[in-house]
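Trainee: Got a sequence here, can you build the structure:
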Amino acid sequence: MTLHSFSEGLGVGVSYGGDNGMQQGVFMTLAIGLHNIPEGLAVALVSVPRGESPSRACAWAILSSLPQPLVAVPSFYFVELFSFLLPIGLGCAAGTMLWMVVAELLPDALKEAPSEL
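Mentor: Numbers count the residues shown, from 1 in each chain. Next up is the predicted model:
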């Protein structure tokens, strides 16, 4: 989960770049913030049955999301410094996500799907 938080922080930081940076950034920050609620619950709810105290499980849940603000700030400054590369970077990110869906998710979903589909 902690490694996952690095990419979320990168997404938040980069979203503040560009012409509509503040509007996009606030939207992305709120979306990732809402997304972190079930993530934190997943970390905490797995930790408690394994012997962690509820307060310690809560601390682990918070700690697992700590990279987000630590990565968001430098990524924002990087985008501001190299703003001319933003369209290329966003295009690469979109292509990567499309590749992930086509190469990873669809084959797995089709393996599990009924044969009538």
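Trainee: what pLDDT does the residue in the chain sticking out farthest from the centre get?
Mentor: Most distant residue from the mean C-alpha position of the chain: residue 116, 34.7 Å away (Cα atoms, centre = their mean). According to the prediction, residue 116 has pLDDT 70.
Trainee: any idea whether it is helix, strand or coil?
Mentor: Of the three states, residue 116 takes coil under DSSP: H, G, I helix; E, B strand; the rest coil.
Trainee: State the next helix or strand along the chain beyond the helix or strand hosting residue 44.
Mentor: Assigned by DSSP states H and E, residue 44 belongs to helix 21-47. Once the chain leaves helix 21-47, the next helix or strand it forms, by DSSP H and E, is helix 54-64.
Trainee: Show me how far that next one is from its chain's centre.
Mentor: 19 Å (Cα atoms, centre = their mean, to the nearest Å).
Trainee: next one: stretch 85-95
Mentor: 16 Å.
Trainee: what do you get for stretch 66-76?
Mentor: Using Cα atoms, centre = their mean, the offset of stretch 66-76 from its chain centre is 12 Å.
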